[in-house]
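A.B. asks: The sequence and its predicted three-dimensional model are supplied below.
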Amino acid sequence: MTNRSPKKILIVTGDCPSHPYACCKLATVLAEHHHEVTLAGPNGISLDRLQSEMKVYHNSANSKNKIKVESIGNVSTVVHCNVRPVINPQEYSPFQIIYNTIFNRIYNPFGIADLFEQVMDDQIGTYDNLKRMIPNYDLVYAVHSCAATVCDAAEALQQEDPTLSVPPCVVFSSLPYESSFIYNGLWNKPRSLVALPHVATYSWPKNAVKSSKGFVRGIIAYLVQLFWMWLDTYHTERAWKKAGKRNDIRRAERGLLPVFEGNRYYWKAYPVLSLGGVDPYMVDGDIIADNATVVGSIRSTETSDLKRLHDWLIRTRVDKIVYASFGTGTQLSEEEVTNLAKLALSLQDTRYSLLLSLQKSQQERLRHVFDRILGPVDRVGSGFCEFLSGKFRIDDNVPQENLLLSKKVDLFISHLGFGGFIEGVNGGVPFVCYPSGCDQWFNVERVVDAGIGIKAKPQMKDLDETVFDALGNASLRHKSYELATKAAKFDSSKIILDMADDLCDGATESSDADSL
């Protein structure tokens, strides 16, 4: 790695459940190459997650530079983007969608645009704190769930004092690369965030032709999918314009000019660092915008190890693990949990053990279901419990990334949030996919297209059968191994470090030119 001059870098996260983890990974890459990094997040769960992750990182063998953690103040969260309960997009009625498009003028199926604005409204209390912090750094990253707040603060600083050296701001997207955020009206490939949810459950039109029987049916399927893609674009563009009015009111209160497009403006006007820019996370041939730098994934530099699971692994002589996790925003139903418990029973006399990642509050809410099906608990500890002589463990603090890289996991039952998606690919672990919302349906299609996973049934019905089918599928294992080998050769860290250098050097040159 080339010598790089140390920079002072600020990374800001919002309080969406998974975003602090993505920011911690970015921080470790930058800190390990001698940059002075500060992680900042709102008070509450988000700040707690940053602090706990950094505590483990600072105690690890690979830790070189300390990463500071600071508060940006309070947020008043109304809603998060995680969607529960699970709604299957393929169950949407196409006739109802078309009827609403024609006759219901207030119909807006693209809730993400308005949701973004609600999240930014919730962050108003952090705005003044960010204005005080930003001038102290050479470069600022803002995860997409707080990009508008951070970028507005930087714009206001520059407007209030043109002589002030305001650092470059980067929109850090922990979503798979999403070209429709940047290009108006773009829908030439599958997309991760869509207005019409069922559209994300299909590959692009040529695959509709392949799956149809007969030439005529194939042509019809191709044209039908093109129609849905056009209608999705129509609703998406309309939704951004509506949401943009709300954003411009907020900008006016900050003394800033209107931008008309809501959060899309920031994705188009600022440099973007986006995860998911390579196969299998995006579709081959997708267009990359000039202001976007894409990487496959970001790997932590040992922010956690398997010490938390060590006693369980030794005590129960765990040989192979089936690992299940449904995200930090999980709200499983009793039916879904019943099917997970039945899976645990079916693995009891095999060499496989089942490990379920589940928050402590959800363990308490659902404990009666596990007790009813599995009998009395064997062991209870801080944030975990075990059933079936330890063959089934529920834990609220699984070191997921290192576990998936450990070669101990043979199958990952996942909601296919993007963090879990890339960690599973990096570990060469096949998937059983159970998405709930946002980009997850898109991610599932990429997994299936890549041949590294299969889909669970609605409500995880017959999950035991699905899992045994996946465990017995040699092709899934082979293709997962191939993808992991390919992913290991892609140097995302170098791309990230080069981007940081280019932005800081460019800002310095611009500042020098302004002073002449």
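C.D. replies: Nice, thanks for sending it over. A quick note: this is a predicted structure, and the numbers were derived from the prediction, not measured.

A.B. asks: quick one: contacts for residue 154?
C.D. replies: 134, 140, 166-167, 169 (Cβ atoms under 8 Å, 6 or more residues apart in numbering). For the C-beta atoms, the positions are set from N, CA and C on the backbone; glycine is no exception.

A.B. asks: Check the secondary structure at it for me.
C.D. replies: Judged by DSSP: H, G, I helix; E, B strand; the rest coil, the three-state class of residue 154 is helix.

A.B. asks: how far away is it from residue 411?
C.D. replies: Using Cβ to Cβ, to the nearest Å, residue 154 is found at 45 Å from residue 411.

A.B. asks: Kindly report the same for residue 258.
C.D. replies: 50 Å.

A.B. asks: tell me how far the ends of stretch 427-434 are from each other?
C.D. replies: 19 Å (Cα to Cα, to the nearest Å).

A.B. asks: So what's the model's average confidence on it?
C.D. replies: Across stretch 427-434, pLDDT averages out at 97.

A.B. asks: so how far is residue 296 from the closest residue to residue 433 other than its chain neighbours?
C.D. replies: Beyond its immediate neighbours in the sequence, the residue positioned closest to residue 433 (Cβ to Cβ, 6 or more residues apart in numbering) is residue 444, lying 4.4 Å away. Taking Cβ to Cβ as the measure, residue 444 falls 18 Å from residue 296.

A.B. asks: where exactly do the strands run in the stretch 151-300 of the chain?
C.D. replies: 169-176, 272-275, 292-294 (DSSP state E, counting those that start in this stretch).

A.B. asks: between those strands, which gets nearest to residue 374?
C.D. replies: When the strands of the stretch 151-300 of the chain are compared by Cβ to Cβ, strand 169-176 sits nearest residue 374, at 35.2 Å.

A.B. asks: Which elements pack onto that closest one?
C.D. replies: helix 19-31, strand 139-143, helix 147-160, helix 264-269, strand 272-275, helix 418-427, helix 440-450 (3 or more Cβ pairs under 8 Å, 6 or more residues apart in numbering; DSSP states H and E).

A.B. asks: so what's residue 12 bridging to?
C.D. replies: residue 40, residue 142 (DSSP bridges).

A.B. asks: what's the single longest helix in the protein?
C.D. replies: helix 215-253 (DSSP state H).

A.B. asks: And it, what's buried?
C.D. replies: Residues 218, 221-222, 225, 228-229, 231-240, 242-244, 246-248, 250-251 are the ones in helix 215-253 that count as buried (16 or more other Cβ atoms under 10 Å).

A.B. asks: Next: stretch 121-136.
C.D. replies: Neighbour count says stretch 121-136 has 121-124, 126-127, 129-131, 133-134 buried, by 16+ other Cβ under 10 Å.

A.B. asks: Count the neighbours of residue 433 for me.
C.D. replies: Under the neighbour criterion other Cβ atoms under 10 Å, residue 433 is assigned a count of 24.

A.B. asks: quick one, what contacts it?
C.D. replies: By Cβ under 8 Å, 6+ apart, the contact set of residue 433 is 414, 416, 443-444, 447-448, 453-456.
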